[in-house]
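*Asks:* Generate a structure from the sequence data that follows.
(chains A and B)
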Amino acid sequence: MDFINSNLLTILILIPLVGAVLTLGHQMFWKQDGQLKWLTLGFTLVNFVVSLALFSSSATAGPSGFFFEQNVAWIKAINTNYHVGVDGLSFWLVILTTFIMPIAVISTWHAVEKKATAFYIFLLLLESAMIGVFVSLDLLVFYLFFEASLIPMFFLIGVWGGENRIYAAVKFFIFTALGSLLMLVAIIALFFMYADQTGLGGSFDLVSILNAMKAGNLVLGPQAGMLLFLAFALAFSIKVPLFPFHTWLPDAHTEAPTAGSVILAAVLLKMGTYGLMRFNFALFPDQARETAWIFITLSIIGIIYGALVAMVQPDVKRLVAYSSVAHMGFVMLGMFSFTEAGMQGALFTMLAHGVTTGALFLLVGFIYERRHTRKISDFGGLANVMPIYTTVFVITTMASVGLPFLNGFVGEFLIMIGMFQSQALAITSTVNWNYIAAMLAGTGVIFAAVYLLWMVQRVFFGKVTNEKNRVLADLSWREIGLMVPLLVLMVYMGVFPKPFLARSEDAVKAIKERVMHQAGGTIEKTEVRPHVTATENR
Amino acid sequence: MNTFLLTELITPDANVSLILPELIVAVTGIVVMLYDSFVPRQRMVSGAISLIGLAAAAIVLGSMWGTAAPTGWNGMIAHDNLRLGFSFVFLFVSAMTILVSTVWVDREDVPVGEYHALLMFATFGMMIMSAGSDLVTIFLGLETLSIATYVMAGLRKSDLKSNESAMKYFILGSFASAFLLYGMALIYGATGTTQIAEIADKVANPNFPGLLLVGGAMLLIGFGFKIAMAPFHVWTPDVYEGAPTPVTGFMAAGPKAAAFASFLRVFVLGFPLVAGAQASGYLHQSWIGAVTVMAMVTIIVGNVAAIMQDNVKRMLAYSSIAHAGYALVGFVGAGLAKSTQARDEAIAAVAFYMLTYAVTNMGAFGIVTLLAQKNDRRNQFEDYNGIGFKSPLLAFSLSLFMLSLFGLPLTAGFMGKILIFRPALESGNTLVVGLVVVAVIGSAISAYYYLRLIVVMFFRERTTSWTDPKIPLPLAAALIITVIGVFYLGLFSGGLIERFAQPGAPTVIASER
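*Replies:* Have a look, this model is predicted:
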């Protein structure tokens, strides 16, 4: 048990990696294309099962508050360590990653014909990198996984994507790489500030740096702190993506193969919001507070703009992509409200969005495989032909809109509560901007209902307008099997969000403390949040 | 070691053990040349002799690592991390060049004995350049290297482009050598010595700052030409495009690194900042400022011009210009280092960067050589269309090299970048931090053209026919070494970095004596 406790995260990273190597070997010696998907599915499923060990109650937090911590020297010359661990912030994201991967693999069961070996290898490599991002506690190791996750996705979009795939793949890569390179400079700069001020030599270790900061041994000047904060924030904002850095997202989403879109929406975007909470808020609390109004403004623009643009999309997949921009705007809003409710809501929405939008992309993929078009105008009256598909689609849409008792509602509700309570804007102004912000965000929910329901109406209801649609087969058992766990989660998370929120409670409290601590006194209007979660639970 | 006072002036202070690796390489060159004149065109044998010679030199070099500095040659030969680290890079580049060029040698029917002999002499020249602690030794090494490389660039006698390349290289190279020599003369005039350690002492002297500055500027121009620093880079693309592909790979990785070694020694060790000496401060400040600005221009020019290339070799030429710019970041960092240890680490970082670039670059050029076919017929981006899944081994290796050149984590290029950015950021100098930001933006730009090769290989469909080329054994060996090298340097380079930074004998710098 000890072995597993101290190596679990490494095992989680290694299983897909080993899977990739074995898949390659298998293909070199046996050349059985048909077995590849089984092999890949096997590895992702095993990884999911192993990741359930994270729930183990025997695990105890290390001195720095992380579970399943492992810290091994890697390159001594630059004092970087392979340091991994999970806490409330990353716990569900790791599970989400391992959960979504088998689904992504099954979704491509018949879709990937050409160059299947490489496809499955890239999927497995991507899984390793994504888990690595969420568990690494060394800045350099984090950066390494963050960048490494780019390459498989780049290939997934570029080789197996749609018509405009090359443009989308290159845009995706360059946008993300530019942001993260500046973060690298900031990471190295932080290394030297640590070395200069503590006299202990440089460090990339998040825990050591945080400890030094909390003890007052490492003080960033306002100017340097702001530059570092911005370098980190830019990298993550592009990844989220926050308006106006979002332009890569619709292209990447639309052109990516279904599995790619699912992973992109479910996991890759979360790296941005996760990074902001883990690194920006913890390392630069003052700067986060000072710039909150910028991020809140941009989030609200993103919410409204994403919704408006989604409304006029002729392509279903592009519509879902823009709805991602809006949803991630909500997540950012919740985070920068610096209230427990808002941050909890943000974390919850990250999961909910992963499940719901992942499901939406799957559903769009199903219909695309049948009709080879995603144009809304090519469809109409599908409810008559594909009743099961329609049912599933409508439920998923409702979850995305934020219907109570489905997962989208809980997160968005908490975020808006958080924004109402928020003092993040009061620091820079005396007007109650937080009310205005919450209200504007609220319009986003209405817009979401408009564009999603309008799309559903045009695609599914009315008479069958196109003869080709008359003969479409309804969902197969494989496809139904794929959707069932997602639907169950949507309902479960909507009705019983407590276990999800409980895991992240401590971590969120700590971050809130850290960010609002220096602002002077208690900021949050108390007693509201427990009340909210209490009602949610029933 | 010399006890006869009277003969001290005429007896060279010979100590063979100090230059044993260099001697081995030179002797290997002579053996290859002689062997070839009796048994001509035995490419396997002359290649094998050269490789054995290089390996022997590497072993001796390795044994010198960590030993106390032997003295000899009246202080004209240094024994420090700068020399050892860089010499290791040269030996590696040279060995890879031999392996990579086998396919080209076969195809073009090159006079192979001469080629291998020239390569050995060029390697000898490079090693002398990094070992020279005296301006004269450095110049000696530089000329040995240059003359050998001029001929190598023109080895494809029947090809107009190769001739053009050799001619341009020769004229501009001589031009640069003249600048260097003139600069050395002026430095001698200003300080009365050609020994770099003594120059570093004299720099503090308030006399002759004018002459020193002019001499330093001349040296800067000369070295600028050799490392292809903007605005002295204009010759590079033409020369690199015209030269035979393996020779281009060699020139981008070897001679450039050698010029960096001498450049580092003359400027970082020769013109240090001596506390309290106004003249030295002025000199130091001006060369740091000049190099920083030129490094920025180099990075921008190299990257922006590389985007517009349609020829893979030319793209790699511009990329090598950009990489010289990145290496200059570490160079400036070394110049601003606050302690001897930090300076040694920064120098080691530049040497390590050159190693990572050499590994990646030689691998890439190996594949480009193989795919080029006779007379460099297939060198355009469109010639690589859709070969990704038709020759997966070559295509994935080439992609790996491109990603390493870009500096993706897990690869050698990333470690190299981390190490050279470190000293620059440590200096805290605003201009230099600006340089790092420029370098980072440059890397982001470079993603475009490195990815372009991956894009054409994997994302496009091939319209014309394609036969998977057979990979000859030596090239396969080179590719295996470089692919493993890229990952090794990217993941487990800790020990090597420490080694590069700390040879046994601490170097003594003038300001501390």
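*Asks:* what's stretch A:285-292 in contact with?
*Replies:* The contact list for stretch A:285-292 (Cβ atoms under 8 Å, 6 or more residues apart in numbering or on different chains) reads A:222, A:225-226, A:228-230, A:233, A:280-281, A:336, A:338, A:424-425, A:427-428, A:514-519. For every residue, glycine as well, the C-beta is placed using N, CA and C.
*Asks:* quick one: that stretch to chain centroid distance?
*Replies:* 22 Å (Cα atoms, centre = their mean, to the nearest Å).
*Asks:* same question, stretch B:341-349
*Replies:* Its chain's average C-alpha position is 17 Å from that of stretch B:341-349, according to Cα atoms, centre = their mean.
*Asks:* same check, this time on stretch B:417-436
*Replies:* 21 Å.
*Asks:* How about stretch A:39-52?
*Replies:* The mean C-alpha position of stretch A:39-52 is separated from the chain mean by 20 Å, Cα atoms, centre = their mean.
*Asks:* pLDDT of it, averaged?
*Replies:* The average pLDDT within stretch A:39-52 is 87.
*Asks:* again, but for stretch A:425-442
*Replies:* 76.
*Asks:* Could I get the CA-only coordinates of it as CSV?
*Replies:* What follows is stretch A:425-442 as a C-alpha-only set of coordinates in CSV (Å, rounded to 0.1, in the frame of the first residue of the first chain):
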residue,chain,number,x,y,z
LEU,A,425,-14.2,44.8,-7.6
ALA,A,426,-14.7,46.8,-4.5
ILE,A,427,-11.0,47.0,-4.0
THR,A,428,-10.6,49.3,-7.0
SER,A,429,-14.0,51.1,-6.9
THR,A,430,-16.7,52.2,-4.6
VAL,A,431,-19.6,51.4,-6.9
ASN,A,432,-21.1,48.0,-6.5
TRP,A,433,-19.8,46.7,-9.7
ASN,A,434,-20.1,43.1,-8.5
TYR,A,435,-23.9,43.3,-8.8
ILE,A,436,-23.6,44.6,-12.3
ALA,A,437,-21.1,41.9,-13.2
ALA,A,438,-23.3,39.2,-11.8
MET,A,439,-26.3,40.5,-13.7
LEU,A,440,-24.4,40.8,-17.0
ALA,A,441,-23.2,37.2,-16.5
GLY,A,442,-26.8,36.2,-15.8
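*Asks:* if we can go back for a sec, can you say which of the contacts of stretch A:285-292 are buried?
*Replies:* For those, a burial check counting by 16 or more other Cβ atoms under 10 Å in any protein chain shown picks out A:225-226, A:228-230, A:233, A:280-281, A:336, A:338, A:424-425, A:514-516, A:519.
*Asks:* three-state assignment of A:Gly85?
*Replies:* Assigned by DSSP: H, G, I helix; E, B strand; the rest coil, the conformation of A:Gly85 is strand.
*Asks:* quick one, strands of the stretch 51-200 of chain A?
*Replies:* A:67-75, A:80-86 (DSSP state E, counting those that start in this stretch).
*Asks:* And the contacts of the longest one?
*Replies:* The one in question is strand A:67-75. Residues from elsewhere that reach strand A:67-75 (Cβ under 8 Å, 6+ apart): A:5-10, A:54, A:59-62, A:80-87, A:91, A:137-138, A:141, B:415, B:492-494, B:497.
*Asks:* List the contacts of the nearest residue to A:Met101 once chain neighbours are set aside.
*Replies:* Nearest non-adjacent residue to A:Met101, counting by Cβ to Cβ, 6 or more residues apart in numbering or on different chains: A:Thr44, 4.1 Å away. Residues near A:Thr44 by Cβ under 8 Å, 6+ apart: A:Pro16, A:Gly19, A:Thr98, A:Met101, A:Pro102, A:Ala104, A:Val105, A:Leu123, A:Leu124, A:Glu127.
*Asks:* try 7 Å
*Replies:* A:Met101, A:Pro102, A:Val105, A:Glu127 (Cβ atoms under 7 Å, 6 or more residues apart in numbering or on different chains).
*Asks:* Columns pLDDT, distance to A:Ile304 and neighbour count on top of those residues, output as a markdown table?
*Replies:* Formatted as a markdown table, the contacts of A:Thr44 follow (pLDDT from 0 to 100; distance: Cβ to Cβ, whole Å; neighbours: other Cβ atoms under 10 Å in any protein chain shown):
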| residue | pLDDT | distance to A:Ile304 | neighbour count |
| --- | --- | --- | --- |
| A:Met101 | 90 | 33 | 30 |
| A:Pro102 | 90 | 36 | 22 |
| A:Val105 | 87 | 36 | 26 |
| A:Glu127 | 91 | 34 | 32 |
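*Asks:* Of those residues, which is the nearest to chain B?
*Replies:* Ranked by distance to chain B (Cβ to the nearest Cβ), those are led by A:Glu127 at 15.7 Å.
*Asks:* Next, count neighbours for B:Leu23.
*Replies:* By the measure other Cβ atoms under 10 Å in any protein chain shown, the count of residues near B:Leu23 is 16.
*Asks:* what's the longest helix seen in chain A packed up against?
*Replies:* Longest helix in chain A, counting residues (DSSP state H): helix A:165-198. Where contact means 3 or more Cβ pairs under 7 Å, 6 or more residues apart in numbering or on different chains; DSSP states H and E, helix A:165-198 is packed against helix A:139-148, helix A:150-160, helix A:206-214, helix A:222-239, helix A:248-255, helix B:412-427, helix B:430-454.
*Asks:* Run through who's touching the shortest one.
*Replies:* It refers to helix A:248-255. A:157, A:161-162, A:164-165, A:167-168, A:171-172, A:175, A:241, A:261, A:264-265, A:315, A:317-318, A:321-322, A:324-325.
*Asks:* now do stretch A:117-132
*Replies:* A:12-13, A:16-17, A:19-20, A:23-24, A:27, A:36-37, A:40, A:43-44, A:47, A:94, A:97, A:101, A:104-105, A:112, A:145, A:148-149, A:152-153, A:155-156, A:160, A:259, A:263, A:267.
*Asks:* among those residues, which ones are buried?
*Replies:* A:12-13, A:16-17, A:19-20, A:23, A:27, A:36-37, A:40, A:43-44, A:47, A:94, A:97, A:101, A:104-105, A:112, A:145, A:148-149, A:152-153, A:155-156, A:160, A:259, A:263, A:267.
*Asks:* Just the ones in helices from those residues, please.
*Replies:* A:12-13, A:16-17, A:19-20, A:23, A:27, A:36-37, A:40, A:43-44, A:47, A:94, A:97, A:101, A:104-105, A:145, A:148, A:152-153, A:155-156, A:160, A:259, A:263.
*Asks:* got a pLDDT number for B:Arg511?
*Replies:* Not quite, residue B:511 is Ser, not Arg. 37.
*Asks:* same check, this time on B:Phe267
*Replies:* At B:Phe267, pLDDT is 89.
*Asks:* Against chain A, how distant is it?
*Replies:* Separation of B:Phe267 from chain A (Cβ to the nearest Cβ, to the nearest Å) stands at 23 Å.
*Asks:* residue contacts, that residue?
*Replies:* Applying Cβ under 7 Å, 6+ apart to B:Phe267 gives the contacts B:Trp287, B:Gly335.
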